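Undergrad: how would this look folded up:
(chains A, B, C and D)
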There are 2 protein chains.
Amino acid sequence: MDSEAIKKCLEGSGLRCTPQRYAVMAFLIEHRGHPTAAEIFEGVNRVDPGCSRATTYNNLRDLVEAGLVREVAVEGRAARFDAKGTRHHHFICDRCGNVEDVEWYDVPGPASKSLGKRILRQSEVIFRGLCAKCAPRYATGSAGL
Amino acid sequence: MDSEAIKKCLEGSGLRCTPQRYAVMAFLIEHRGHPTAAEIFEGVNRVDPGCSRATTYNNLRDLVEAGLVREVAVEGRAARFDAKGTRHHHFICDRCGNVEDVEWYDVPGPASKSLGKRILRQSEVIFRGLCAKCAPRYATGSAGL
DNA sequence: TAATACTTTAGATTAAATCTAATCTGAGGC
DNA sequence: GCCTCAGATTAGATTTAATCTAAAGTATTA
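TA: Here you go, the predicted model:
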């Protein structure tokens, strides 16, 4: 995605294209490995410092609210961020906490009676287990729900 | 579940049944609304103080590791805990952060080629939207992946 | 009982994220 | 151009969630 496209993408969602916001968004588009906020902060400032910690968090919040970025909470670890591109599910490694994409496929929704008065906005599947890096070393028999 | 059953349940998973651990487990079985660690700490000590904050966290960790309790990470909020009973999926309210159960139904796994060398241990669906309490007040058109 | 392993504790500490209040920036109106 | 004001950014303090530490307590086993 070129810089003009990123600018359009931000403005199309009602966000001003500030240098800091652009940098955060561009970083996420370029680094698709689900970085944490701390990694984004560091990465964005490595080349050209100019985006404080608070601004990194503010912009991540804005991008998530605008629907351009997805936040993935991981038990016992820092949240991870993901520029929304193609639809996909997530795989979370129980050992190292890394988040990886899993090819998208449709998931049936719950029966509407089981939803009751709730309003469903989105659904995603979280797969858990051991990532390709951890599997050879740490595999044990355990499996379950 | 009576006290003897809880004891059996702990010992069956290789955990000693200490008064504190019992209290945490019993609280989770009795309070099925996915409390946070802070709520569990408070609830357990309300009647009969005797389980410190660290012990509450230690025991929650042990119970999760033993597979008796599930931890649910919620973006931007404290994690929530859930005594594993019947299988179910989760619904997370975008507004208030509450976690609720959604009737279980089978979810197809990803194609094995898309898993690669990863080892899949479990899958769950996370539904997001507005809970029955928030829906009437805060509903807007927004929907999406 | 002695040895050992497991558990709990208060309080300090860490890590993640947010808040505060001051400052800066830029688009629109004059 | 210059004002104005909403929006954005900042450094640093603060909050919150969770963990660590080191000492003491409690079971379990031999």
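Undergrad: What strand or helix carries A:Gly129?
TA: A:Gly129 belongs to strand A:119-130 when assigned by DSSP states H and E.
Undergrad: Now do the buried residues in stretch A:50-68.
TA: Neighbour counts over stretch A:50-68 (16 or more other CB atoms under 10 Å in any protein chain shown) mark A:51, A:55-56, A:59-60, A:62-64, A:68 as buried. C-beta here means a position set from N, CA and C on the backbone, and glycine is covered the same way.
Undergrad: now, which of those residues sits nearest A:Pro108?
TA: A:Pro108 has its nearest neighbour among the buried residues of stretch A:50-68 in A:Val64, at 26.4 Å by CB to CB.
Undergrad: For that closest one, give me its contacts.
TA: A:70-71, A:81 (CB atoms under 8 Å, 6 or more residues apart in numbering or on different chains).
Undergrad: Just want the angle from the strand holding A:Gly129 to strand B:119-130.
TA: Interaxial angle, strand A:119-130 versus strand B:119-130 (axes from the mean of the first three to the mean of the last three CA atoms, to 10 degrees): 160 degrees.
Undergrad: what are the ranges of the strands in chain A?
TA: With DSSP state E, the ranges of strands along chain A come out as A:69-72, A:80-83, A:88-93, A:99-103, A:119-130.
Undergrad: how much space between the nearest residue to A:Arg87 once chain neighbours are set aside and B:Ala132?
TA: Spatial nearest neighbour of A:Arg87, excluding adjacent residues (CB to CB, 6 or more residues apart in numbering or on different chains): A:Trp104 at 4.1 Å. With distances taken as CB to CB, to the nearest Å, A:Trp104 is found 29 Å from B:Ala132.
Undergrad: residues contacting the closest residue in space to A:Leu120 that isn't next to it in sequence?
TA: Nearest residue to A:Leu120, sequence neighbours excluded (CB to CB, 6+ apart): B:Gly129, at 4.5 Å. Residues near B:Gly129 by CB under 8 Å, 6+ apart: A:118-122, B:91, B:93-94, B:135.
Undergrad: and B:Gly129, bridged to which residues?
TA: B:Gly129 has these beta-bridge partners by DSSP bridges: A:Leu120, B:Cys93.
Undergrad: Could you export the contacts of A:Val64 to a markdown table, including columns for pLDDT, distance to B:Gly33 and neighbour count?
TA: Below are the contacts of A:Val64 laid out as a markdown table (pLDDT from 0 to 100; distance: CB to CB, whole Å; neighbours: other CB atoms under 10 Å in any protein chain shown):
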| residue | pLDDT | distance to B:Gly33 | neighbour count |
| --- | --- | --- | --- |
| A:Arg70 | 97 | 26 | 21 |
| A:Glu71 | 97 | 23 | 15 |
| A:Phe81 | 98 | 29 | 23 |
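Undergrad: Quick check: of the residues you listed, which lies closest to A:Ala37?
TA: Distances from A:Ala37 to these, taken by CB to CB, are shortest for A:Phe81, at 6.9 Å.
Undergrad: my guess is that closest one contacts A:Gly33, does it?
TA: No. Contact status for A:Phe81 versus A:Gly33: not in contact, 10.4 Å apart, counting by CB atoms under 8 Å.
Undergrad: What ranges in chain A fall below the confidence cut-off?
TA: Applying pLDDT under 70 to chain A picks out residues A:140-145.
Undergrad: C-alpha coordinates for stretch A:2-9, PDB please?
TA: Extracted C-alpha coordinates of stretch A:2-9, given in PDB (Å, rounded to 0.1, in the frame of the first residue of the first chain):
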ATOM      1  CA  ASP A   2       1.500   3.300  -1.000                       C
ATOM      2  CA  SER A   3       1.500   6.400   1.100                       C
ATOM      3  CA  GLU A   4      -1.300   8.000  -0.800                       C
ATOM      4  CA  ALA A   5      -3.500   5.000  -0.200                       C
ATOM      5  CA  ILE A   6      -2.700   5.100   3.500                       C
ATOM      6  CA  LYS A   7      -3.600   8.800   3.600                       C
ATOM      7  CA  LYS A   8      -6.900   8.100   1.800                       C
ATOM      8  CA  CYS A   9      -7.600   5.200   4.100                       C
END
